[in-house]
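J.: got a predicted model here, sequence first, then my questions.
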Amino acid sequence: MKKFIFVLLFITIFLIPVSGMEISTLFHISDISFDKTDTSTVSTFSGTYYPWGISIFGKDNISDDIILKAGVFYDPILRYTTFTLFEYQHSFFKLGLGPFFGLFNTAQTPMKSGISTSVQVEFPGFIYASLKADSSIGSRFIKAGDYIQEFNEIAIGYYIPNAICSFSITSKSFITKQTSTLEVDDSFREYAFKIDMFQKNVPLRTLVSFAYQTVSRTYLVSGATSTTENRLNSLILGTNFTFKVSDGIELITNMESNIYSFGYSDATPLTLANSGPGVFLFRLTTGVSLDLDLLK
C-alpha cells in the first residue's frame, strides 16, 4: 500500500494532464502469477494470489511529426515503470526513443533507470511490422533490492476488411536480488494471434486474441550449482472491448482467461486447483480514455 501511495503522488505531481492530451487510466488485476513473496519453489499453484495496480498514461502531438508519450504503467511481472517516449513519424515508419524508470519496486531502489526504444514500418492499409524494447541500464547487482527490468515485443500485422490481424511474440523479465544470497527471476513469454475488428460509425471496437503464455519464477541461491523453477503454461483466450461513450470518452475492458493450464515445479508436475476460486485463471484490465481536445 505504501508503494501504491508513492506512485499516486508521482502521478499527481509529474503527470497532470494538459489541454490537448489524450489520457488513459486503467486498473489491472490478475491471478495468473506466482506469489512475489515466495523464496523457494512451491508444488501447488493456488490461483488465489491477486496482484493489482493502476496505470495512467497519455500522448500529445508536440509537432506535425513528433508525438510525446508519457505515463506510469503497472504490469504484474515488471511491476511499476514510468516512461517518456518521443516518437517521430514519417509516411512509412515511426521511431521512438526515451528514458524509463522502475518506480518504487523495492525499498532499497526507489528508482531504476532504463531506456525505451520502438520502431514500426507500415504500408498503410496493407501490412506493418513493429519492434519495441525496454531495458534497465547500469550494473547488474550490487546490494539486496537491486533489480533489472526487460521488455521485448515483435509484431507483424496485415489488414483485411474491417479488421487488423497480427502475430506477436512478447517477453518480460524482472530479476531482483531479494537478499544477499537469493536472486529471483520473474518471467513471462507469449506467442499470440490477434484480430482487431472495427466498423465505421460503430462505437464498439473488439479485439480477440489467442495465445500461448508461460509464466515462470526462478530461484538462484549464491553458491548453488543450479537453479530451481516454477513454471505455468497456459492457452489463453482474450477479448478487448473499446466503447465510445461520446466524443472524447472511451471505456476499455480487456479480459484474458485460460482455456487450459499445466506446469511444473523443479521438473515435477505443478498441482493446480480443481475447485474453488483458484480454478478460474484470468487477467482483467478496465478503465477509461479521455481526449481532452474533444471534451472541450
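T.: Thanks, I have the structure now.

J.: use CA for all of it now, contacts and neighbours both
T.: OK.

J.: right, and T48 touches I32 too?
T.: No: between T48 and I32 there is no contact under CA atoms under 8 Å: 9.0 Å.

J.: these two: who's more crowded?
T.: I32 (28 against 19; other CA atoms under 10 Å).

J.: kindly provide the distance from the more buried one to T214.
T.: Look at I32 and T214: by CA to CA, to the nearest Å, they are 10 Å apart.

J.: same question, N152
T.: As judged by CA to CA, N152 and T214 stand 15 Å apart.

J.: what of T228?
T.: From T228 over to T214 (counting by CA to CA), the distance is 16 Å.

J.: ok, those two, which is more surrounded?
T.: Higher neighbour count among T228 and T214: T214, with 20 against 16, using other CA under 10 Å.

J.: for stretch 262-276, what is the average pLDDT?
T.: For stretch 262-276, the mean pLDDT works out to 88.

J.: contacts for it, please.
T.: Identification of contacts with stretch 262-276 by CA atoms under 8 Å, 6 or more residues apart in numbering yields 41-47, 228-234, 279.

J.: which two in those residues are spaced the farthest apart?
T.: Within these, two members stand farthest from each other by CA to CA: T228 and V279, at 25.0 Å.

J.: contact partners for the nearest residue to G125 once chain neighbours are set aside?
T.: In this structure, G125 finds its nearest non-sequential neighbour in Y159, 5.8 Å apart by CA to CA, 6 or more residues apart in numbering. Residues near Y159 by CA under 8 Å, 6+ apart: G125, F126, I127, C165.

J.: G53: which of those is nearest?
T.: Nearest member of these to G53, counting by CA to CA, is C165, at 29.1 Å.

J.: and the helices in the stretch 151-296 of the chain, which stretches?
T.: Assigned by DSSP state H, counting those that start in this stretch, the stretch 151-296 of the chain shows helices spanning 292-295.
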